[in-house]
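Asks: Model the structure of this input:
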Amino acid sequence: MGILLWIIFGLIVGVIAKYLVPGEGPGGIIGDIIVGILGAFIGGWVYGFFGHVGVTGFNFGSVICAVIGAVILLVILRAVTRHRTV
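Replies: Down below sits the predicted model:
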């Protein structure tokens, strides 16, 4: 995919993941794009680990794979950056 498609793909996936995981998201629209693109890489790795094909282009299966990766990333980010009150 070209860089523009990765940005659009990342935005779509990042917004979907942000709605699925409650809480404050990182950095607005740019944060959504970054979470979506990194989520695609994480989702592809997780799918590959289980013997499946990860992100293969701009299609439904790739969006599901990337959303799963983005949700994993957001859960990890929220666990690491959780504000604790004493």
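
Asks: so what's the most centrally placed residue in the chain closest to, chain neighbours aside?
Replies: By Cα atoms, centre = their mean, the chain has its centre lying nearest to Ala70, at 2.1 Å. What sits nearest to Ala70 in space, not counting adjacent residues and going by Cβ to Cβ, 6 or more residues apart in numbering, is Gly39, at 2.6 Å. The C-beta positions use only the backbone N, C-alpha and C, and glycine is treated the same way.

Asks: if I look at the one you found, how far off is Arg78?
Replies: Note on Gly39: its distance to Arg78, by Cβ to Cβ, to the nearest Å, is 14 Å.

Asks: Between those two, which has more neighbouring residues?
Replies: Between Gly39 and Arg78, Gly39 has the larger neighbour count (other Cβ atoms under 10 Å), namely 27 against 15.

Asks: Mind telling me what element that one is part of?
Replies: helix 28-49 (DSSP states H and E).

Asks: what residues does that helix touch?
Replies: Helix 28-49 has contacts (Cβ atoms under 8 Å, 6 or more residues apart in numbering) with 6-7, 9-15, 17-18, 25-27, 53-55, 62, 65-74, 77.
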